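[1] Next come a sequence and a model predicted from it.
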Amino acid sequence: MELSPRRRDADRTRRLLLDAALVRFTRDGYAATRLRDVADDAGVNVALVSRYFESKEGLFTACLTKAGDELRRSPGEASLDAAPAAIAAQIVGRAGPQRPYQLLLLLRSSGDERAEQIRLGVLRGYSERLAAAAGDPGRLLQAQLVLAATAGLVLLRRSGLQPLAGVSEEALTGPLRDMIEALLKP
């Protein structure tokens with residue numbers, strides 16, 4: 001009996017590796033993440049990491065790029081009134097199961113200069129869009145304070161701090177609206 005060759009799907013394999021790496025890098029940090037663990041989580045051979053991403057640094061950079069792309073596509077950034085609900089969706093994860101991980105990943109450092117530039121560029125761009133949504137690009141500091149509070153909410157939620165860890169998106173939207181209005185509304 002002749003076995004048929006296993007069908008390969010490069011895009012699917014790449015996505016599996018990125019998703020597994022996103023979780024590992026966020027949870028364990030850059031230094032503690034082992035490529036073998038990422039490959040095991042993705043259900044693929046570890047050699048495929050090198051094939052698709054060249055190195056651990058390349059995989060981390062790809063994760064940062066993916067996180068940045070997802071945040072750039074976030075709803076609600078064009079309107080300050082829509083921002084609280086959009087941010088609540090990101091924190092709770094309704095906007096996608098990986099969304100809170102993406103926010104956490106943007107707080108991680110790898111020591112790689114290129115990855116750092118991407119990470120800081122994404123964070124800067126997100127806060128610039130918030131300031132622009134407020135109608136005043138000069139309110140960048142206030143927008144970065146909103147971003148810092150959002151990152152803190154994700155961290156505390158992930159740590160299991162109650163009641164924050166169990167709060168619904170709807171319950172989170174009101175306090176976020178109050179904070180955003182206090183910081184960004186003229």
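    Now that the structure is in, tell me what you want to look at.
[2] hey, let's count contacts and neighbours off CA atoms from now on
    Noted.
[3] Would you mind pulling the contact partners of the helix or strand hosting Arg124?
    Assessed by DSSP states H and E, Arg124 sits inside helix 113-133. Contacts with helix 113-133, where a contact means Cα atoms under 8 Å, 6 or more residues apart in numbering, come from 57, 60-61, 64-65, 68, 71-72, 77-80, 83, 106-107, 109-110, 137-140, 142-144, 147, 184.
[4] Let's see the PyMOL selection covering just the buried ones among those.
    Filtering the contacts of helix 113-133 down to the buried ones (16 or more other Cα atoms under 10 Å) takes a single PyMOL command:
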select buried, resi 57+60+61+64+65+68+71+77+80+83+106+109+110+139+140+142+143+144+147+184
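[5] Which members of the contacts of helix 113-133 are positioned in helices?
    57, 60-61, 64-65, 68, 71-72, 83, 140, 142-144, 147, 184 (DSSP state H).
[6] how about those residues, which pair is most distant?
    The distance between the two most remote of those (Cα to Cα) is 36.2 Å, for Glu57 and Leu184.
[7] circling back to that earlier point, how about the helix holding Arg124: buried residues?
    For helix 113-133, the neighbour count (16+ other Cα under 10 Å) marks 115-116, 118-120, 122-124, 126-133 as buried.
[8] re the thing from before, among the ones in helices among the contacts of helix 113-133, show me the least confident.
    Lowest model confidence among the ones in helices among the contacts of helix 113-133 falls on Arg72, which carries 66.
[9] residues near the residue nearest to Ser168 when sequence neighbours are not counted, how many?
    Distances taken as Cα to Cα, 6 or more residues apart in numbering put Val92 closest to Ser168, at 7.1 Å, once the chain neighbours are dropped. When neighbours are defined as other Cα atoms under 10 Å, Val92 has 24 of them.
[10] Arg108 now?
    Using other Cα under 10 Å, Arg108 is surrounded by 19 other residues.
[11] can you check Asp19 too?
    By the measure other Cα under 10 Å, the count of residues near Asp19 is 18.
[12] Report the mean confidence score over the helix or strand hosting it.
    Assessed by DSSP H and E, Asp19 sits inside helix 10-28. Mean pLDDT, helix 10-28: 91.
[13] Let me see the residues that make contact with the helix or strand just after that helix.
    Going down the chain from helix 10-28, the next helix or strand is helix 35-42, by DSSP H and E. Applying Cα under 8 Å, 6+ apart, the contact partners of helix 35-42 are 13, 16-17, 19-21, 24, 45-46, 48-49, 56.
[14] cool, and stretch 48-55?
    Residues outside stretch 48-55 that contact it (Cα under 8 Å, 6+ apart) are 14, 17, 35, 39, 56, 59, 62.
[15] Now for those residues, which sits with the most neighbours around it?
    The most crowded member of the contacts of stretch 48-55, judged by other Cα under 10 Å, is Leu17 (26 neighbours).
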